[in-house]
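S.K.: Sequence and predicted structure are below.
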Amino acid sequence: MNTRIVFLEELNRLRHDILNMATKVEEDLGKALSALRNNDVDLAKEVKADDAVVNALQIKIEDETAIVIATQQPVARDLRELVTIFKLTSNLERAGDHAVHLANVVIKLSDKPPFRSMEHLERMAETGQEMIRAAVSAYLSQDANAAREVASLDDKIDGEHKALIEEVLELMKENPKLIKKAVRLLNASGYLERLGDHITNICEEIIYMVEGKHEELN
């Protein structure tokens, strides 16, 4: 079989695996969001268990990518994509970790009544899901401009994060008894803010892959 055809088949398998990994991370974030809304501890524990699946996918993809580089000796644009895959999987894995962190917050707050700042966390998680879907779509379509548009959504997450901080700090002043819960909410918000940063990193790598230049977004 033609060497180029073999390479393209292997590359398509890697792309399919990346789609599976991103879909799993998005699903876990959605589960964590649902657990948050419904105070569902069992669902939150399911998110934690799913983290092993995401980690296994990362290892599988990176091992297969290393084999392709070693056996196919790609150059130029092809090599940029394979190098980019390592960074995509790393950032997706970290995004999955933050979904787990959100699930942990649900478990720790399960015996506490919710308060309004949960709405900020919900909107941050929803935007995070949107970013994951759109970033992977930009990767698969090799669309640098779409990646730039995805990265701009991180501003929405940052805005919700800042609003939550202001609201929680005010709440802590008014009711010191809620400080422990408030700190956990601040931690959860920080995790989701960093999730947005990881997806932005993916967008930067897509631009490098397509255009061969490094561009800092947001």
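M.R.: Nice, I can see it.
S.K.: all contacts plus neighbour counts: C-alpha atoms, from now on.
M.R.: OK.
S.K.: so what's residue 81 closest to, chain neighbours aside?
M.R.: Counting by C-alpha to C-alpha, 6 or more residues apart in numbering, the nearest residue to residue 81 once its immediate chain neighbours are dropped is residue 209, at 5.4 Å.
S.K.: hang on, isn't that neighbour packed against residue 85?
M.R.: No - under the criterion of C-alpha atoms under 8 Å, residue 209 makes no contact with residue 85, lying 9.5 Å away.
S.K.: which parts of the helix ranked longest in the chain are buried?
M.R.: Secondary structure of the chain per DSSP state H: the longest helix is helix 3-38. Of the residues in helix 3-38, those with enough neighbours to count as buried (16 or more other C-alpha atoms under 10 Å) are 7, 10-11, 14-15, 17-19, 21-36.
S.K.: Please list all residues in contact with the residue nearest to residue 211 when sequence neighbours are not counted.
M.R.: Spatially, and ignoring its direct neighbours in sequence, residue 211 is nearest to residue 144 (7.4 Å; C-alpha to C-alpha, 6+ apart). Taking C-alpha atoms under 8 Å, 6 or more residues apart in numbering, we find residue 144 in contact with 138, 203, 206-207, 210-211.
S.K.: Flag the shaky bits of the chain, pLDDT-wise.
M.R.: Under the criterion pLDDT under 70, the flagged ranges of the chain are 1, 112-117.
S.K.: what ranges do the helices span in it?
M.R.: Going by DSSP H, the chain shows helices at 3-38, 41-72, 76-108, 118-140, 144-152, 154-174, 179-211.
S.K.: out of the ones you listed, which comes closest to residue 218?
M.R.: Across those, residue 218 has its closest neighbour in helix 144-152 (6.9 Å, C-alpha to C-alpha).
S.K.: what sits against the residue positioned nearest the centre of the chain?
M.R.: To find the centre residue of the chain, average its C-alpha atoms and take the closest one (C-alpha atoms, centre = their mean): that gives residue 95, at 3.2 Å. Under the criterion of C-alpha under 8 Å, 6+ apart, the neighbours of residue 95 are 25, 194-195, 198-199.
S.K.: Next, give me the two most distant ones among those residues.
M.R.: Taking C-alpha to C-alpha as the measure, these reach their widest spread between 25 and 194, a distance of 14.5 Å.
S.K.: picking up where we left off before, export the helices of the chain as CSV, with columns for distance to residue 217.
M.R.: Rendered in CSV, the data for the helices of the chain read as follows (distance: least, C-alpha to C-alpha, whole Å):
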stretch, distance to residue 217
helix 3-38, 21
helix 41-72, 24
helix 76-108, 15
helix 118-140, 13
helix 144-152, 7
helix 154-174, 10
helix 179-211, 7
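S.K.: Return the residues in contact with residue 122.
M.R.: Residues in contact with residue 122 (C-alpha under 8 Å, 6+ apart) are 33, 36-37.
S.K.: again, only this time at 10 Å
M.R.: 30, 32-34, 36-37, 128, 160, 189, 192 (C-alpha atoms under 10 Å, 6 or more residues apart in numbering).
S.K.: just residue 154 next, same as before
M.R.: With contacts defined as C-alpha under 10 Å, 6+ apart, the neighbours of residue 154 are 124, 127-128, 131, 193-200, 217-218.
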